[in-house]
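[1] Sequence below, structure please.
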Amino acid sequence: MESIDWSNLSFGYMPTDYNVRCIYKDGKWGDITVTSSQTFEIHMAATCLHYGQEAFEGMKAFRGKDGKIRIFRMDENAARLQSSCRGIMMPELPTEKFNEAILTVVKKNERFVPPYESGASLYIRPLLIGTSAQVGVKPAKEYLFIVFVSPVGPYFKEGFKPTPMAILRQYDRAAPLGTGRYKVGGNYAASLVAGEKAHELGYSAVLYLDAKEKNLDECGPANFFGIRGNSYITPKSTSILPSITNKSLMQLAEDMGMTVEVRQIPEDEIGTFDEAGACGTAAVISPIARIDDLDENKSYIFSKDGKPGPICEKLYNKLRAIQYGDEPDTHKWITIVE
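    Modelled structure (predicted):
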């Protein structure tokens, strides 16, 4: 344990002491159990393996200057998992059960919560899968809910520095009215090819256009927002995963006296933004240096000096200060782990 270099962690998996599990069987959820095993046995005909009956969440716990551990917007993650369950016909995990699982796994792995000001946090991964054996395309009858944790560093290795992103028009992430608004593995599988191509070309991520209208949609692992004057502008679409971080940033922008606009954003509007960013649990905010539309041979530049814009920086610092307990939690977003 003493050998963990907290300030140089990647965003990756590190084994911890315990994970928690809960089984859905005979129409009801069982009790939460704690295990140190990192594997489980699954039937080869399980619906999660064949028909993608799988949903997950991503959330974080932070250690404050006062030594207390804080979890950010836990109820929002519970609600979003429930939405994903409705989207692919899995039984909804009650919020109380979800919260119990999260608090249990964080307490059991308390020694893995990185120290204050290390730049690292404890990533929490709830996962729900259909486990019953069947070959017909229909919902499973049995499910397994698991939560594991891992200490992580920043999602983008550059940290809070502007990075370039690309629009690749030959790839769509999700269909309108499809599963894009649910946090299911298939959406991420669909983004792997474009993501790898972008990385090979030197970009940190792909900025997707929506499959139908070709307005701005979202980045592979994050929501998109643009800043123009005193406005925070973020896309509205039926194929965007509703980011809890984006929701929080919209509230903070309003608190700062900004106008928040959630609406369709045509691609030619990108050039009118003063700043742009990608936001999500993993990255918090990743400022965008420039967006290259490779097929149209266009480039939109937001940072020439390698520095984030002032609004991105202010929002980033404000959100992190709330997460770490350095500023008052006026919106009641934080759960302190007792």
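[2] show me where pLDDT drops low in this structure?
    1-2, 156-158 (pLDDT under 70).
[3] how about 80 then?
    1-2, 154-159, 220, 283 (pLDDT under 80).
[4] just the helices in the stretch 51-200 of the chain please.
    74-87, 95-108, 185-200 (DSSP state H, counting those that start in this stretch).
[5] Can you give the contact residues for the first one?
    Just to be clear, that refers to helix 74-87. Applying Cβ atoms under 8 Å, 6 or more residues apart in numbering, the external contacts of helix 74-87 come out as 55-59, 90-93, 95, 98-99, 102, 126, 128, 179, 181-184, 242, 244, 247, 335. For every residue, glycine as well, the C-beta is placed using N, CA and C.
[6] Let's see the PyMOL selection covering just the buried ones among those residues.
    The PyMOL command for the buried members of those (criterion: 16 or more other Cβ atoms under 10 Å) is given here:
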select buried, resi 55+56+57+58+59+90+91+92+93+98+99+102+126+128+179+181+182+183+184+244+247+335
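[7] Show me the contacts of helix 74-87 that map onto strands.
    55-56, 59, 126, 128, 335 (DSSP state E).
[8] what's the closest of those residues to residue 174?
    Nearest to residue 174 out of those is residue 55 (Cβ to Cβ; 14.4 Å).
[9] Tell me the secondary structure at residue 20.
    Using DSSP: H, G, I helix; E, B strand; the rest coil, the structure places residue 20 in strand.
[10] Same list, the helices of the stretch 51-200 of the chain, but as TSV with distance to residue 35 please.
    TSV is the format used below for the helices of the stretch 51-200 of the chain (distance: least, Cβ to Cβ, whole Å):
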stretch	distance to residue 35
helix 74-87	21
helix 95-108	10
helix 185-200	22
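[11] Which of those sits closest to residue 5?
    Smallest distance to residue 5 across the helices of the stretch 51-200 of the chain (Cβ to Cβ): 21.7 Å, for helix 95-108.
[12] what comes up buried for that closest one?
    Neighbour-count burial for helix 95-108 [16+ other Cβ under 10 Å]: 97-99, 101-106, 108.
[13] So which elements touch that helix?
    On a contact count with 3 or more Cβ pairs under 8 Å, 6 or more residues apart in numbering; DSSP states H and E, helix 95-108 meets strand 19-25, strand 33-35, strand 69-72, helix 74-87, strand 121-130, strand 143-152, strand 334-337.
[14] export that helix as PDB, just CAs?
    Extracted in PDB, the C-alpha atoms of helix 95-108 (Å, rounded to 0.1, in the frame of the first residue of the first chain):
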ATOM      1  CA  THR A  95     -32.000   3.900  -4.800                       C
ATOM      2  CA  GLU A  96     -31.700   2.800  -1.100                       C
ATOM      3  CA  LYS A  97     -30.000  -0.500  -2.200                       C
ATOM      4  CA  PHE A  98     -27.800   1.400  -4.700                       C
ATOM      5  CA  ASN A  99     -26.700   3.800  -2.000                       C
ATOM      6  CA  GLU A 100     -26.100   1.000   0.600                       C
ATOM      7  CA  ALA A 101     -23.800  -0.800  -2.000                       C
ATOM      8  CA  ILE A 102     -21.800   2.400  -2.700                       C
ATOM      9  CA  LEU A 103     -21.300   3.400   0.900                       C
ATOM     10  CA  THR A 104     -20.400  -0.200   1.800                       C
ATOM     11  CA  VAL A 105     -17.700  -0.600  -0.900                       C
ATOM     12  CA  VAL A 106     -16.200   2.800  -0.200                       C
ATOM     13  CA  LYS A 107     -16.000   2.200   3.600                       C
ATOM     14  CA  LYS A 108     -14.500  -1.300   3.000                       C
END
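[15] Identify the residues contacting it?
    17-20, 22, 29, 32, 34, 59, 61, 69, 71, 74-75, 77-79, 81-82, 113, 122, 124, 126, 145, 147-149, 335, 337.
[16] what's the nearest residue to residue 109 if we skip its chain neighbours?
    Spatial nearest neighbour of residue 109, chain neighbours left out: residue 16 (4.5 Å); criterion: Cβ to Cβ, 6 or more residues apart in numbering.
[17] Give me the phi and psi angles of the one you found.
    Backbone torsions of residue 16, given as degrees, to the nearest 10, read phi -120, psi -180.
[18] distance between the ends of stretch 279-295?
    25 Å (Cα to Cα, to the nearest Å).
[19] how far does that stretch sit from the chain's center?
    Taking Cα atoms, centre = their mean, to the nearest Å, one finds the center of stretch 279-295 at 14 Å from the center of the full chain.
[20] does residue 314 sit in a helix or strand, and which one?
    Per DSSP states H and E: residue 314 is located in helix 310-323.
[21] so what secondary structure elements neighbour that helix?
    Checking 3+ Cβ pairs under 8 Å, 6+ apart, helix 310-323 ends up next to strand 69-72, helix 244-255, strand 275-280, strand 284-293.
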